[in-house]
Structures are given as structure tokens and as C-alpha cells.
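In: I'll drop the sequence and a predicted model, then ask my questions.
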2 protein chains.
Amino acid sequence: MPTPPGTDPAPEMEIVHLLRATAVELGLHSARFAHRNGMHATDVRALIALMDARRAGEETTAGRLGAVLGLNSAGTTALVDRLERAGHVRRVRGERDRRQVVIEVEDRAVDLGQAFFGPLIERSVELLRGYDERQLAAIRGFLGGVREAAAGQG
Amino acid sequence: MPTPPGTDPAPEMEIVHLLRATAVELGLHSARFAHRNGMHATDVRALIALMDARRAGEETTAGRLGAVLGLNSAGTTALVDRLERAGHVRRVRGERDRRQVVIEVEDRAVDLGQAFFGPLIERSVELLRGYDERQLAAIRGFLGGVREAAAGQG
DNA sequence: ATCGAACATCTCGATGAACGAGATAATAAG
DNA sequence: CTTATTATCTCGTTCATCGAGATGTTCGAT
């Protein structure tokens, strides 16, 4: 995201770059977690998606996981193989539809994620506690707006 | 980044998840740009790094680029090969030190990035213009704090 | 001057994530 | 019961990245 050429840099650009830098840094943080546990970026994304779904009380099948991550069936199988081999998830045949393979996260993986991402989350919450409601609304509004713009375009 | 188990979800968690979602969405936005132009995530990161450096008035050598992206020399060579083959950059032997290969971005690549990321940047600036100085300070403080925390830990 | 160590980049072969095509198995529709 | 559809897996290939080492360049010490 470079500065538009022929434009005097608006003071708001500083924050735009800061957001980008923060996004990159969060990505690197995940990458460190992945590397440290012998995983790849996709594996971490998969675990996060699985935990999100679990928190929402939803089962995740192999196919659904692959769709969320943008993998085809072959890639999804390989991914689940890796995660299962590493002991982070287990395959369970679907009860209702026995063609399905439901992916369940092992507690061990949840703890691992907690240990690594917990401090960052706590620090974030701590930062947010320092702002009043008007300021929190601005943060929410800006992040939500950018997310929407990024999702909508292209 | 799941909610800590055994903890009543703090209201701040909503914003933490929003930030994560935004970071993911920005990553996907880059991925769409990459895919649409027959590139990979690393290629886009490389172009962004190159343009950032150029805006800062710095030359980028092959080795420096690889170091920024966390690639070894073989990977860096392959990366620059891809970018050069696609016409996004050109190799120029270093003047001062002829062992070096300075990577220069082609104008074509800059325009391409402008066209794709420009609208998102403009929308972000537009959003920011809607906030007062206290609110902007909160956004800056939160993003900067999270970035620092993500960079520092691990 | 010249030799050798340090450096920047490239080449080669190997590893592994992800893909396309197609096989297998379970369910649903006619 | 047969056929179509869906869910997952297998096989062979592609391509980014890696480790090791080759090649060319600079610089300090002699």
C-alpha cells in the first residue's frame, strides 16, 4: 500500500500504515507459533477456524474446513493428516451422515494456543480498558469499516 | 485467539476479535491481488517491501529483500526470478559494490498496486477523517500497542 | 601488488504443501 | 434398485523454499 504519487501525504496515512504494520506483525506472530510447533501457516489458520467454530458450538467437517481455508479436497486431506499426526485434532466419523469426517480439536492444542496467544490477548484487553466509550467506538468503527472495505472490494 | 476458558468473556474481546478479523481480511485482500496476477503471497510482500523502501528513498538489494522476508539466498533468487520474469522488477548490478544486485520496481507494478490497493487506502482515510483527535489518538495507541506486543513476545 | 578471508548472489538437488483428476463410499432421488 | 450427488481420500505433479556449495567481488593485511 504505497502513498499515492503526486499526492501530499495526508496525516491519516500514518494510521493506515500503522494498521498494515500491525496486521503484518500479527501474521508474523502466528508464523512464529507455527514454526515453533513444526506447523505451517495453513495449519494455524485451520486450528483457529476449528476453535472459533467450537466456541460457536458448531461442528466442523473436513469439507467445511477446506472451504473456509480455500483448499481443495486433496489439500484438506493432507492438512487434516498433518494435524492428526501431530496430535492436534482427531477424525470422527459423522453420526448423522457417515460420509462426513468431523474434525475435533484435542485439548492439548487448545492449551498450546492459549499459552501462546493468551498474553497478546490480555495485553490488548488491557490497552482497551484505557479508553472511554467514544474512543472504543472509534476503534470499532475504523476496524469494522476497513474490514468491510477489504472484504467488499476486489 | 480463542476466548480464555473459564473466564467470563470481557466486552473488550469483541474488539480483539474484530482486529484479528480485520488482519485476516487484509491478508485475504492481498491474496486476491496475488492470485489475480498469478503471484504468490511472498511475491506481494516483496513488492510492498520494495515500494516501502523506495518511498523511504532506500535501495533494496537482493540479500536485503530476502532478509526482510525471511528467505534464504536460494529462495530469494527464485523470488526475484519470478518477479523479473513477470515484469514487476528488474535486476541492476550495484554501482558501489558490484557483488550486489539492486532490485528496482517497474512503474507497471507500482500502477498495478495503486489500482488495487488505492481504493482501500482512500476508504480508510475517509473513515479516519470522521474522528476527532482524541479518537485518532486511541486508534493509534491501540494499534501501536498491539503491534508492539505482537513483535515483542514469542 | 597479491593473497586470503568475508561477502553477495546464484546453481543444484531435495523436501513438502497444495493442486487436478479420479477412485471409493455413503446418501438421496426417481 | 438404479442413478445422481455428496464427502472424503489416493495418486501423481507442480512449485516455493531449503541446505549445501559454487562463482564472482571486495577489502584488509602483509
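Out: Happy to help now that I have it.
In: Enumerate every residue touching residue A:84.
Out: Residues counted as contacts of residue A:84 (Cβ atoms under 8 Å, 6 or more residues apart in numbering or on different chains) are A:90-91. Any C-beta I mention is one placed from the backbone N, CA and C, and that applies to glycine too.
In: Let me know the pLDDT of it.
Out: Here, the pLDDT recorded for residue A:84 equals 96.
In: what does residue A:11 give?
Out: The model's pLDDT for residue A:11 equals 86.
In: sec struct for it, please.
Out: coil (DSSP: H, G, I helix; E, B strand; the rest coil).
In: any idea how far residue A:79 is from the closest residue to residue A:92 other than its chain neighbours?
Out: Leaving aside its chain neighbours, residue A:92 sits nearest to residue A:102 (4.7 Å; criterion: Cβ to Cβ, 6 or more residues apart in numbering or on different chains). Using Cβ to Cβ, to the nearest Å, residue A:102 is found at 15 Å from residue A:79.
In: Same check on residue A:123?
Out: 30 Å.
In: Neighbour count: those two, which is higher?
Out: Using other Cβ atoms under 10 Å in any protein chain shown, the more surrounded residue of residue A:123 and residue A:79 is residue A:79, with 22 against 18.
In: quick revisit: in a strand, the residue nearest to residue A:92, correct?
Out: Yes: assessed with three-state DSSP, residue A:102 lies in a strand.
In: Tell me who's in contact with it.
Out: A:59-61, A:91-94.
In: Among the residues you listed, which pair sits farthest apart?
Out: Greatest spacing in the contacts of residue A:102, by Cβ to Cβ: A:60 and A:93 (14.1 Å).
In: So between these two, which is more surrounded?
Out: Neighbours per residue, other Cβ under 10 Å: of residue A:60 and residue A:93, the larger number sits with residue A:60, 22 against 10.
In: So the residue nearest to that one when sequence neighbours are not counted, which state does it fall into?
Out: Setting aside the residues directly before and after it, residue A:60 is nearest to residue A:53 in space (Cβ to Cβ, 6+ apart), at 4.6 Å. What three-state DSSP gives for residue A:53 is helix.
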